[in-house]
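# Fold the following and give me the result.
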Amino acid sequence: MGEKNNLKKFLVKKFLLVIFGIAVCEFLINLLYSSVVFPGLQHEVGGPFFENLGNGTYGSSALYTTFFWFFGEALLFLLPDIATKSVRGFINTYFYRMLPQEVGLLSQGKGQDIWNLYYIGCLMILVLLILFALLPYVVGAIKFGRLIQKEMELRWNEDKERHKEYERRRSLMLSDIAHDLKTPITTINGYAQALRDGVVTEEDKREQYLDAICNKSQRMDDLISLLFEYVKIDSEGFSLHKESVDIVELLRENVALYYSDFERKGIEVELDIPEQCIWWKVDKIQFSRAVANLLTNELRHVEQGQAVLIRLRWDQDRERVSVLFGDTGEQISDEIVKHIFEPFVMGDASRSTKGGSGLGLSISSKIVKMHGGRLYLDRNSTEEYKKAFVILLWN
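Numbers count the residues shown, from 1 in each chain. Predicted coordinates:
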């Protein structure tokens, strides 16, 4: 939808620019024709046509009057003789006035060749003037066509590049999925074989192996669940079920679920949430998932002794809500920031040491976008935080 709107805006903008250009050219042509060309023709060529045309009025009206006069003259060849005389009488009366002696000469057939040459010359001049008057429209149409062609080629190339990038990311994602699943599977397989073959005899060691199998199995389950959510959200038939929800209470509930985990890890949590209700249309389940992924990200990457700030702000004038998840942990490298919301963007070392998958932020970003907002990374350090992920929603 956004792509269509952008194309529509582009076409309207360029069309108005072309129309403006045509209007300016027509004004200049009309000024030139009124002040220079028509008076020159009237003075140099003269005759009943240019001397009396338009009753002394110049400008484009005289030019168009001339065009319709010749158009009417051309039609006379298609009409019966009696009609021809009547129409020519009308034209002689309203478009130009001949002197009585001129009419007499024509009625007697005298000087007819001279008048024919005169009208042929007038016709040639008229055709050139009409072509000159229509030139801005022709140039404008050609220019507009080329602009459309250029824009469509540009968009086609962009789509092609996006498709190539999508294929590259998909291949990378499949590779990372295989890597992230293979590691716990290898561990589980090794521990299970050791237990089956009786290699481990000490009870403490057996408990340690069993705990490792349970943890790795849970890790695989979490990864597959995240992958399922990512694919489901990205699928064509997926849609949100929005309802009016107190977003303050929703945020408070989600933070409460993780509060004990933050305490256990020794992370200080500062909550800056207004007391009043802020009602907003959201999909409660999906928006909670986006918030949960951001809280999990903070829990995973913030170390003991550091602090996390969760702040909600309601801007009534702009009708927008911002939810900030800041921390005093380490900054994110420039290389990762460029692709922070893409799936599996963490690096192998980070995934293996901190248990991340790189899918959580990507899922949160997609969910926030589907709510008409955006999720972005704020790296402007303050006294309260070094970096922050911010959800921005607006009506």
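
# domain assignment for the protein?
As given by automatic domain parsing, the domain ranges for the chain are 2-159, 176-234, 243-394.

# highest average neighbour count across these?
Stretch with highest mean neighbour count among the domains of the chain: domain 243-394 (a mean of 17; mean count of other C-beta atoms under 10 Å). C-beta coordinates here come from the backbone N, C-alpha and C atoms, glycine included.

# how long is it end to end?
Separation of the first and last residues of domain 243-394 by C-alpha to C-alpha, to the nearest Å is 15 Å.

# cool, and stretch 376-384?
End-to-end distance for stretch 376-384: 18 Å, by C-alpha to C-alpha.

# re earlier: wait, which of the domains of the chain is closest to Arg170?
domain 243-394 (9.3 Å; C-beta to C-beta).

# Give me the distance from that closest one to the chain's centre.
On the basis of C-alpha atoms, centre = their mean, to the nearest Å, domain 243-394 is displaced by 26 Å from the centre of the chain it belongs to.

# Likewise for stretch 7-23?
Computed by C-alpha atoms, centre = their mean, the chain-centroid distance of stretch 7-23 equals 18 Å.

# Extract the CA atoms of that stretch and return them as PDB.
Only the C-alpha atoms of stretch 7-23 are listed here, as PDB (Å, rounded to 0.1, in the frame of the first residue of the first chain):
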ATOM      1  CA  LEU A   7       4.000   6.100  -6.800                       C
ATOM      2  CA  LYS A   8       0.700   8.000  -6.900                       C
ATOM      3  CA  LYS A   9       2.300  11.000  -5.100                       C
ATOM      4  CA  PHE A  10       5.200  10.900  -7.600                       C
ATOM      5  CA  LEU A  11       2.900  10.800 -10.700                       C
ATOM      6  CA  VAL A  12       0.700  13.700  -9.300                       C
ATOM      7  CA  LYS A  13       3.700  15.800  -8.500                       C
ATOM      8  CA  LYS A  14       5.400  15.300 -11.900                       C
ATOM      9  CA  PHE A  15       2.100  15.800 -13.700                       C
ATOM     10  CA  LEU A  16       1.500  19.100 -11.900                       C
ATOM     11  CA  LEU A  17       5.100  20.200 -12.700                       C
ATOM     12  CA  VAL A  18       4.600  19.400 -16.400                       C
ATOM     13  CA  ILE A  19       1.200  21.200 -16.400                       C
ATOM     14  CA  PHE A  20       2.900  24.200 -14.800                       C
ATOM     15  CA  GLY A  21       5.600  24.200 -17.400                       C
ATOM     16  CA  ILE A  22       3.100  24.000 -20.200                       C
ATOM     17  CA  ALA A  23       1.200  26.900 -18.700                       C
END
